[in-house]
Structure formats: C-alpha cells, structure tokens
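Trainee: Sharing a model prediction with you, sequence too.
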Amino acid sequence: MQSLTIGRLAEATGVNLETVRYYERIKLMPSPARTASGHRVYEDGHVRRLAFIRRGRELGFSIEQIRALLALAEPSRASCAEVNEIARTHLDEVRAKLADLTRLEGILAATIAQCSGDAAPSCPVLDMLTVPARA
C-alpha cells in the first residue's frame, strides 16, 4: 500500500489541491490518516475514490449524484437499477441543456447574420441584448 501526501494525491488524479480539501470538508472524500506532525497521509483507496469523483464531475454529474453513485459502488449496496436511474436522470438533464444550447445557437446565428459589421447607429446584437427576454 502506497502512502501519498495531498500534493501527490492531487497530482496522481489531476485534481486541484483545494478541491481535495473541499471534497474532504463536504465528506465526499474520507478523512485521511495524519502523521504526528498533522500532515495528511493518503492511501490507494483515496486515489481510486478521487479518480471516480473526478471522472464523475467530468461527465457532469452533480456532487449529490456522485455521492449517491459512490454509495451504490459499495459492494453491499451495489444496485445497477439505482445507478441506471441516476444516469438516466443525468442524461435527460444533458439533453435538455443541449436543446437549450441549440436554441441559443440559432438565436445568436440569426442575430449575427443581421449585423453588417459597419459603424452604424443600430447593431442587431446590441439590440437583442437590450430587449427583455420572453418567458
């Protein structure tokens, strides 16, 4: 079993040092053992857990979704059905965001297409930004 400092853990997982501390504060990461001088000492399990968290965040899962997935990853709690439900909910959220971005792209592209780029008293892009949004 390898023991690591917080800096080595952060480096091994590609996570910022402050992020490691944050995950410990919110109890997403278990508190590590400490040396007699108070320095954190991490083990291989911390590396695996932090890599899991990092990958989950890269895929856009929320902290609470990751917390639930971590709990379900425990051998005694493994439930593919529950994991599937969390993943499906997240996929629905991702698809909704994509639809919103596609709509936004259309609005911006249409507005930019109206812009001549010349020095003019009126600019379609600025006009669009000053008009109150419709609900």
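Mentor: All right, it came through fine.

Trainee: Helices of this structure, residue ranges please.
Mentor: 6-13, 17-25, 44-58, 63-73, 80-113, 124-130 (DSSP state H).

Trainee: would you turn those into TSV with mean neighbour count?
Mentor: (C-beta placed from N, C-alpha, C; glycine too.) Formatted as TSV, the helices of the chain follow (neighbours: other C-beta atoms under 10 Å):
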stretch	mean neighbour count
helix 6-13	16
helix 17-25	15
helix 44-58	16
helix 63-73	16
helix 80-113	11
helix 124-130	11
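
Trainee: Switch those over to a markdown table; also include distance to Ser37 and mean pLDDT.
Mentor: Output for those, formatted as a markdown table (distance: least, C-beta to C-beta, whole Å; pLDDT from 0 to 100):
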| stretch | distance to Ser37 | mean pLDDT |
| --- | --- | --- |
| helix 6-13 | 13 | 95 |
| helix 17-25 | 17 | 96 |
| helix 44-58 | 19 | 96 |
| helix 63-73 | 30 | 96 |
| helix 80-113 | 40 | 94 |
| helix 124-130 | 55 | 82 |
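
Trainee: Could you point out which of the ones you listed sits nearest Thr35?
Mentor: Of all the helices of the chain, helix 6-13 sits nearest to Thr35, with 11.6 Å by C-beta to C-beta.

Trainee: Can you name every helix or strand that that closest one contacts?
Mentor: helix 17-25, helix 44-58 (3 or more C-beta pairs under 8 Å, 6 or more residues apart in numbering; DSSP states H and E).

Trainee: Quick one: residues contacting Cys115.
Mentor: 123-125 (C-beta atoms under 8 Å, 6 or more residues apart in numbering).

Trainee: Out of these, the closest to Ala99 would be?
Mentor: Nearest to Ala99, judged by C-beta to C-beta, of the contacts of Cys115 is Val125 at 22.8 Å.

Trainee: Closest one of the contacts of Cys115 to Ala71?
Mentor: Distances from Ala71 to the contacts of Cys115, taken by C-beta to C-beta, are shortest for Val125, at 47.2 Å.

Trainee: Do I have it right that that closest one meets Ala109?
Mentor: No - counting by C-beta atoms under 8 Å, Val125 sits too far from Ala109 to count as a contact (11.3 Å).
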